[in-house]
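*Asks:* Need a 3D model of the sequence below.
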Amino acid sequence: MDDPASTDKPSSSSARGGGQSIAEARTQLKSIAGLSATSIEVDETVSGLNKHHQVLVKATADTSADLPALIDHLAQLGWSVNQDEPDTGVYVRLQVSPQPVMGDIAKQNGWSDAAYSTSTDRLKQLVLLPEAAVRARFGDWPGPVPSASDLGR
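*Replies:* Presented below is the predicted three-dimensional model:
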């Protein structure tokens, strides 16, 4: 008989090898120099009878230096969380002052399918990197855990 505790988890959940737990990802995110107010969450949405998952990685950056590398690093960190496959994509929310449009920075760095809005400063912080684009850049889910040395900080 199946373990009742696992009946709510799809086959793509943490039983899958690779990546890291959300707790490990949170610890890694908190350890990145120059970032504060960090968080990482896996959200579930329901559309009809279908469940979808997304990962939201949030941080406040001390400086706008090397934002393209930071967006990539946070996207890879989100993609490495092996809780539930983020079939909706990875959201990166970066707050920095002055606030640039994160979606524009992501597009300039090769995320051609990035989805974002520029209507408010709060929305300028947020960029959605679609699942197919994240998979193309970092490989199958769960992706490899990024190294702090990848940021060059």
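*Asks:* where in the chain is pLDDT low?
*Replies:* 1-16, 152-153 (pLDDT under 70).
*Asks:* Which residue would you name as the spatial centre of it?
*Replies:* residue 78 (3.2 Å; CA atoms, centre = their mean).
*Asks:* contacts for the helix or strand harbouring that one?
*Replies:* Secondary structure from DSSP states H and E places residue 78 in helix 67-79. Identification of contacts with helix 67-79 by CB atoms under 8 Å, 6 or more residues apart in numbering yields 19, 25, 28-29, 32, 40, 55-57, 59, 61, 86, 90-92, 94, 96, 100, 102, 105-106, 108-109, 111, 127, 129, 134-135, 137-138, 141-146, 150-152. Heads up, the C-betas are built off the backbone N, CA and C, glycines and all.
*Asks:* next one: stretch 120-129
*Replies:* 54, 71, 75, 88-95, 99-103, 105-106, 111, 113-118.
*Asks:* Kindly report the same for stretch 100-116.
*Replies:* Under CB under 8 Å, 6+ apart, the answer for stretch 100-116 is 64, 67-68, 71-72, 92-94, 117-118, 123-130, 132-133, 137.
*Asks:* got the contact list for the closest residue to residue 37 other than its chain neighbours?
*Replies:* Nearest residue to residue 37, sequence neighbours excluded (CB to CB, 6 or more residues apart in numbering): residue 60, at 4.3 Å. Residues in contact with residue 60 (CB under 8 Å, 6+ apart) are 35, 36, 37, 38, 94, 95, 96.
*Asks:* Those residues: which two are farthest apart?
*Replies:* 38 and 96 (13.4 Å; CB to CB).
*Asks:* Of these two, which one has the most company?
*Replies:* residue 96 (19 against 16; other CB atoms under 10 Å).
*Asks:* I figured that one hits residue 66, correct?
*Replies:* No: using CB atoms under 8 Å, residue 96 makes no contact with residue 66, being 11.1 Å away.
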